[in-house]
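S.K.: Below: sequence and its predicted model.
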2 protein chains.
Amino acid sequence: VRRPRLSVDEYVQGVLQNNRTILAQTITLIESHSPIHMEVAQEVLKKLLPYTGQSIRVGITGVPGAGKSTTIEALGNMLCEKGHRVAVLAVDPSSTVTRGSILGDKTRMELLSRNPQAFIRPSASGGTLGGVSRKTRETMLVCEAAGYDVILVETVGVGQSEIAVRSMVDFFLLLMLTGAGDELQGIKKGVIEIADALLINKAEGDNKHRAMAAKAEFNRILHYLQPATEGWETKAYTCSALTGEGIEEIWSVVEKFRQITTQSGVLQDRRRTQTLEWVYNMVQDYLRTSFFCHPGVVQIMPQIEKEVVSGQLSPAMAVQQLLQSYEAGTR
Amino acid sequence: VRRPRLSVDEYVQGVLQNNRTILAQTITLIESHSPIHMEVAQEVLKKLLPYTGQSIRVGITGVPGAGKSTTIEALGNMLCEKGHRVAVLAVDPSSTVTRGSILGDKTRMELLSRNPQAFIRPSASGGTLGGVSRKTRETMLVCEAAGYDVILVETVGVGQSEIAVRSMVDFFLLLMLTGAGDELQGIKKGVIEIADALLINKAEGDNKHRAMAAKAEFNRILHYLQPATEGWETKAYTCSALTGEGIEEIWSVVEKFRQITTQSGVLQDRRRTQTLEWVYNMVQDYLRTSFFCHPGVVQIMPQIEKEVVSGQLSPAMAVQQLLQSYEAGTR
């Protein structure tokens, strides 16, 4: 791995001038696993930090088939028409081989991907959810520094990725299928409860009355749940990404959310907390990895697990033995 | 702090013979913060481990006023009459001063507390949720060794205590109030989704039809949620702890659950996973504490947090600086 071609200042200036080539190169730098690239990326990021934080950050998730791509396409184009600059990112820890499975196929957002006011970046490839989240967060900051004032972060419902996205955005939108019933069993546990709005797509033609019924049904369920954001009521809405109906309305919900939570200070608190928790989580990831990959721990772990499960060793004793072999190796 | 009066073998024999005085003393030993007590407690626990695991472990939570104590009293007495031996424990990290706030007042379970087949132990006093959970788990094991074949673990809806109890029991029961509506807003996020059954109490007199309506309503909601246990459908039931109606029925649900999950192996898997996760969590608690209480880390943390929040320092750089001062101190 060679040193990056550009200097730190060249990356910084390129991003600030929204040079799309340099913006893409900066993100590639952030996604790199090479120590020298990571070092340069952190220096670039440090200089860009003062220019970040001015966007509205929206997370979007939904069951497969709910129409995430078409909704983002419709929403993104509408926002560009209104003069916004829109960056679309993705968190998809499942894409270990190809470069991002969910946004990889740009033809799925054909118009938006050719819009000069939009910037679409597929998910960082490979790595753990923690690694992918870090890269997405840092990519989000770089896009903000490049002047994008709307960041849309898409995720598929894989494992803990919704929680990861919730922890980096202001507003979290859950896309749903029309109709209520068994097809909705696909909704992951707890996802409804972290959403700031539910959006029922495909409210068009014959399906419209089913979408309205689903909306009423979800509003009933939401009534039993605590809202995801203090001082904000999570509600269900309908739209048709196909006809564009409801797309302006859902954005006005996001704008109202921003206004209310900014006035109450909830938004600023959320961002502060998100940033600090990110730091703490990175520290804990490091500590965990350092422990569970420690040669002494790796060596005795299978035996310890066996003895604990069979009841020969108490959990507290197991912990003691594990910590002893960890500390013997590090001191 | 002096050495415990009894020898390890005296504690072990006392527990195995279900000597209630020695059982209580063993639990006190487990709850002690003194290193010598903890050491003896671990030796006792080690010798008791082969005699554990034979009970059915049931967690019980509910909104304030749902009637947890009266339900446990009714359920416990019914089980004793059927020949079971019942231990009632509590996880209540909120009780930092008094010795357990939820079961402290034994008059709330007047009959059960005088039943020779029952053993009621208030929550361990003080400490973090992690500490309280460890003590409750170990107390549960000691009660099993003493021959209690039903363990009921009660918790109030404080912070993460439901999750802690869910992680140590086979079956998790959520007590609800009758009627549907605003009074149910008190249900904590995600608690419905970790329950194996919802039990609507106070289904008596004029309230009975409201309880039936609430049951139907909750069954509708449960339809949208993934069940907490693989191969088991979480449903809502009604009871009256006052008249005893529905108490036998809810226990037959628990027994059916045990039978189905034992046959499928889900119960055994759950216990194995719970035990190993307990070990991993204790390790991570230790690592976290060791880091965040490290003098070097404590010293620079306020400045780091300030710089991260104000945007002067990137989260990744913050982590690097924190880890440097941690490792400088430990090596």
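M.R.: Alright, I've got the coordinates. Worth saying up front: this structure is predicted, and the values here are computed from it rather than measured.
S.K.: ok, and the closest non-adjacent residue to the residue nearest in space to the middle of chain A?
M.R.: Residue closest to the average C-alpha location in chain A (CA atoms, centre = their mean): A:Val165, at 2.9 Å. Closest residue to A:Val165 apart from its sequence neighbours, by CB to CB, 6 or more residues apart in numbering or on different chains: A:Gly59 at 4.1 Å. All C-beta atoms are positioned from the backbone trio N, CA, C, and that covers glycine.
S.K.: Which strands border the helix or strand where that neighbour lies, and is each parallel or antiparallel?
M.R.: Using DSSP states H and E, A:Gly59 sits within strand A:56-62. Using DSSP bridges, the strands paired with strand A:56-62 are strand A:150-155 (parallel), strand A:171-176 (parallel).
S.K.: Could I get those in JSON lines, plus columns for mean pLDDT?
M.R.: Shown next, in JSON lines, are the strands paired with strand A:56-62 (pLDDT from 0 to 100):
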{"stretch": "strand A:150-155", "mean pLDDT": "94"}
{"stretch": "strand A:171-176", "mean pLDDT": "94"}
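S.K.: want to try TSV for those, with distance to B:Pro227 as columns?
M.R.: Conversion of the strands paired with strand A:56-62 to TSV gives the following (distance: least, CB to CB, whole Å):
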stretch	distance to B:Pro227
strand A:150-155	24
strand A:171-176	20
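S.K.: Take these and lay them out in JSON lines including distance to A:Ser133 and mean neighbour count.
M.R.: Below are the strands paired with strand A:56-62 laid out as JSON lines (distance: least, CB to CB, whole Å; neighbours: other CB atoms under 10 Å in any protein chain shown):
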{"stretch": "strand A:150-155", "distance to A:Ser133": "10", "mean neighbour count": "25"}
{"stretch": "strand A:171-176", "distance to A:Ser133": "15", "mean neighbour count": "26"}
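S.K.: Give me the contact list for stretch A:16-32.
M.R.: With contact meaning CB atoms under 8 Å, 6 or more residues apart in numbering or on different chains, stretch A:16-32 is reached by A:1, A:4, A:6, A:10-11, A:14-15, A:37-38, A:40-41, A:44-45, A:48, A:51, A:119, A:121, A:124-125, A:135, A:138-139, A:142-143, A:145-147.
S.K.: cutoff 7 Å now
M.R.: The contact list for stretch A:16-32 (CB atoms under 7 Å, 6 or more residues apart in numbering or on different chains) reads A:4, A:6, A:11, A:14-15, A:37-38, A:40-41, A:44, A:51, A:119, A:121, A:124, A:135, A:138-139, A:142, A:145-147.
S.K.: What of stretch A:3-13?
M.R.: A:22, A:25-26, A:29, A:36-37, A:40, A:43-44, A:47-48.
S.K.: so of the residues you listed, which ones are in helices?
M.R.: Counted as lying in helices by DSSP state H, out of those, are A:22, A:25-26, A:29, A:36-37, A:40, A:43-44, A:47-48.
S.K.: Check the residues you listed for burial and list the buried ones.
M.R.: Buried subset of these (neighbour count, 16 or more other CB atoms under 10 Å in any protein chain shown): A:22, A:25-26, A:29, A:37, A:40, A:43-44, A:47-48.
S.K.: which helices and strands does the one helix or strand the residue nearest to the centre of chain A maps to pack with?
M.R.: Assigned by DSSP H and E, A:Val165 falls within helix A:161-166. Under the contact criterion of 3 or more CB pairs under 7 Å, 6 or more residues apart in numbering or on different chains; DSSP states H and E, helix A:161-166 touches strand A:56-62, strand A:86-91, helix A:129-145, strand A:150-155.
S.K.: And it, what's buried?
M.R.: A:161-162, A:164-166.
S.K.: can you put those in a markdown table and add pLDDT?
M.R.: Output for those, formatted as a markdown table (pLDDT from 0 to 100):
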| residue | pLDDT |
| --- | --- |
| A:Ser161 | 82 |
| A:Glu162 | 85 |
| A:Ala164 | 87 |
| A:Val165 | 92 |
| A:Arg166 | 93 |
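S.K.: Before we go further, A:Val15 is sitting in a helix, right?
M.R.: Yes - under DSSP: H, G, I helix; E, B strand; the rest coil, A:Val15 sits within a helix.
S.K.: right, and it touches A:Val142 too?
M.R.: Yes - taking contacts as CB atoms under 7 Å, A:Val15 lies within contact range of A:Val142: 5.9 Å.
S.K.: Now list whatever residues contact both of the two.
M.R.: In contact with both A:Val15 and A:Val142: A:23, A:26, A:48, using CB under 7 Å, 6+ apart.
S.K.: Can you tell me the closest non-neighbouring residue to the last one?
M.R.: The shortest distance from A:Leu48 to any residue other than its chain neighbours is 4.0 Å, reached at A:Ala145 (CB to CB, 6+ apart).
S.K.: burial count for A:Ala328?
M.R.: As a burial measure, A:Ala328 scores 10 neighbours (other CB atoms under 10 Å in any protein chain shown).
S.K.: does it belong to a helix or a strand, and which?
M.R.: Assigned by DSSP H and E, A:Ala328 falls in helix A:315-330.
S.K.: And stretch A:69-87, what's buried?
M.R.: A:69-80, A:84-87.
S.K.: low pLDDT regions in the stretch 1-150 of chain A?
M.R.: Counting by pLDDT under 70, the stretch 1-150 of chain A contains low-confidence ranges at A:1, A:93-107, A:124-127.
S.K.: Contact residues of it facing chain B?
M.R.: A:42, A:45-46, A:49-50, A:52-53 (CB under 7 Å from any CB of the partner chain).
S.K.: relative orientation of the lengthiest helix in chain A and strand A:171-176 in degrees?
M.R.: Counting by DSSP H, the longest helix found in chain A is helix A:266-292. On the basis of axes from the mean of the first three to the mean of the last three CA atoms, to 10 degrees, helix A:266-292 is oriented at 80 degrees to strand A:171-176.
S.K.: At the contact with chain B, which residues of the stretch 151-300 of chain A appear?
M.R.: For the stretch 151-300 of chain A, the residues in contact with chain B (CB under 7 Å from any CB) are A:184, A:187, A:189-190, A:193, A:221, A:224-226, A:272, A:275-276, A:278-279, A:282-284, A:286-288, A:291.
S.K.: Quick one, which of the residues you listed are buried?
M.R.: By 16+ other CB under 10 Å, these give A:184, A:187, A:190, A:193, A:221, A:224-225, A:275-276, A:278-279, A:282-284, A:286-288, A:291 as buried.
S.K.: And for chain A, the residue most distant from the center?
M.R.: A:Gln312 (42.9 Å).
S.K.: isn't there a strand covering that residue?
M.R.: No - per three-state DSSP, A:Gln312 lies outside any strand segment and is coil.
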